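One predicted model, sequence on top.
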Amino acid sequence: MRVLILGGSGFVGRAVADEAVHRGHDVTVFNRGLRAVPAGVTTLTGDRLGDLSALEPGTWDAVVDTWSARGEAVRRTAELLSGRAGHYTYVSSRSVYAGTEHEKAEDAPLVDVADEGYAGDKLRGELGAAVFDGPVLLGRAGLILGPYEDIGRLPWWLGRLARGGPTLAPGPRDLGLQYIDARDLAIFLLDAAASRLGGAFNLVSVPGHTTMGELLDTANEVTGGRAQLRWVEPAVIAAAGIEPWSQLPIYLPPGELHTFLHQGDVTKAYGQGLVCRPVRETVEDTWAWMRGLPGDVPQRADRPQVGLDPQVEAKVLGE
């Protein structure tokens with residue numbers, strides 16, 4: 001296929017570009033030209049909220065759009081590429097569902113389109129993609145992990161465990177996790193584009209694909225086994241004022257929000273062939289990527305840094 005990736009150098013976009021190149025596709029990426037892309041890829045330079053002139057000529061079989069900010073940018077490209085592309089994929093988010101009170105399937109109610117946060121941006125992106133004049137796939141991803149992660153969640157845990165010593169591990173250790181490796185997301189999206197599949201899909205593993213215990217035990221082993229995991233109950237974490245998800249990345253205690261994020265309905269995606277690799281492969285490959293970096297792990301400027309202050313961790317473990 002002739003594949004156009006709107007993005008293509010960051011986390012998910014890079015995974016899609018790598019997979020597309022691996023398959024032998026003719027790959028073009030459109031971005032600001034600030035980061036490296038895979039060898040053999042054609043780069044068009046522009047700005048999603050500004051100059052799109054580089055996209056005015058050309059035709060493609062498939063477009064993959066990884067934009068995550070103002071939804072108007074998606075509408076602009078969907079309109080511009082109508083009639084010149086065969087399929088449009090927008091990488092959305094399960095955050096578009098309204099409420100967190102239960103597991104969500106694709107037909108669940110959505111947030112208010114006027115929502116000013118991330119969920120609203122993603123929903124407006126979905127509505128923008130809908131103006132495309134061909135099949136549109138809405139990939140509602142959940143938690144995404146894997147190499148090239150620029151949010152910092154799994155990289156923070158790997159870095160923390162590599163430092164070793166007593167380490168706060170948020171319990172219970174059998175708490176189920178639901179996520180997707182960016183490379184498995186890329187595989188599904190490119191397969192869907194090839195078959196011109198349309199509609200919304202929750203793209204994340206089955207609930208309980210791994211557990212907090214398996215994730216941290218594996219990460220500790222992979223990084224050298226120097227950490228002593230100290231499992232701490234959710235009530236102790238809450239009493240210490242530690243914020244799940246941001247200060248303890250990936251983790252949410254049992255409850256409504258955990259149910260929403262880690263027990264989503266993925267029947268539809270698995271029925272279309274979604275496959276998620278074992279957690280060990282994600283952990284090992286992310287650590288290998290981190291160790292090969294010439295400097296710090298990249299961090300998206302539009303996302304806050306995650307992680308727990310060492311002094312707060314030591315105080316909780318001391319108590």
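Good, I have the coordinates. Bear in mind that the values here come from a model prediction, so they are computed numbers and not experimental data.

lowest average confidence, helix or strand, in the chain?
Between all helices and strands in the chain, the lowest mean by mean pLDDT, DSSP states H and E belongs to helix 256-262, at a mean of 93.

tell me which residues of it are tucked away?
Under the neighbour-count criterion of 16 or more other Cβ atoms under 10 Å, helix 256-262 has 258-262 buried. From N, CA and C alone the C-beta is placed, and that goes for glycine too.

ditto for stretch 160-178
160-162, 167-171, 175-178.

go on, stretch 130-147?
132, 134-147.

Give me the contact list for the helix or strand that contains residue 139.
Secondary structure assigned from DSSP states H and E places residue 139 in strand 136-141. When contacts are defined by Cβ atoms under 8 Å, 6 or more residues apart in numbering, strand 136-141 is touched by residues 12, 78, 87-94, 96, 106, 126, 129-130, 180, 185, 188-189, 192-193, 197-204.

before we move on, back to that, keep only those of the buried residues of stretch 160-178 that are in strands.
167-170, 176-177 (DSSP state E).

Closest to residue 243 out of the buried residues of stretch 160-178?
Within these, the smallest distance to residue 243 is 11.1 Å, found for residue 170 (Cβ to Cβ).

end to end, how far does stretch 251-266 reach?
Stretch 251-266 has an end-to-end distance of 20 Å (Cα to Cα, to the nearest Å).

Hmm, I typed the wrong one, I wanted stretch 121-135.
Stretch 121-135: ends 21 Å apart by Cα to Cα.

What is the distance between that stretch and the centre of its chain?
Averaging C-alpha positions (Cα atoms, centre = their mean, to the nearest Å) puts stretch 121-135 19 Å from its chain's average.

Return the mean pLDDT over it, rounded to an integer.
Taken as a whole, stretch 121-135 carries a mean pLDDT of 97.

what's it in contact with?
Contacts of stretch 121-135 (Cβ under 8 Å, 6+ apart): 65, 67-76, 78-79, 81-83, 85-88, 90, 92-93, 95-96, 110-111, 113, 115, 136, 138, 196-198, 200.

are any of these buried, and which?
The buried subset of the contacts of stretch 121-135 (16+ other Cβ under 10 Å) comprises 65, 67-68, 70-71, 73-76, 78, 81, 85-88, 90, 92-93, 95-96, 110-111, 115, 136, 138, 197-198, 200.

where along the chain do the helices fall?
Taking DSSP state H as the criterion, the chain contains helices spanning 11-22, 72-81, 118-129, 153-163, 182-194, 212-222, 234-239, 256-262, 267-271, 279-291, 310-318.

so which of these gets nearest residue 102?
Short answer: helix 256-262, nearest of those by Cβ to Cβ, at 6.6 Å.

Can you spell out which helices and strands pack onto that closest one?
Contact here means 3 or more Cβ pairs under 8 Å, 6 or more residues apart in numbering; DSSP states H and E; on that basis helix 256-262 packs against no helix or strand.

how far out from the middle of the chain is that helix?
Distance, stretch centre to chain centre, for helix 256-262: 16 Å (Cα atoms, centre = their mean).

Ok, stretch 67-78 next?
That offset, for stretch 67-78, works out to 18 Å (Cα atoms, centre = their mean).

Need the contact partners of that stretch.
Residues contacting stretch 67-78 (Cβ under 8 Å, 6+ apart): 6-7, 48-49, 52, 55, 63, 65, 88, 90-91, 93, 118, 120-132, 136, 302.

Span of it from start to end?
12 Å.

for stretch 161-174, same thing?
Note: stretch 161-174 ends 19 Å apart using Cα to Cα.

got the contact list for that stretch?
In contact with stretch 161-174 (Cβ under 8 Å, 6+ apart) are residues 160, 211-213, 216, 219-220, 223-224, 226-234, 237, 244, 248, 251, 253-254, 308, 313-314, 316-317.

Nice, that's everything, thank you.
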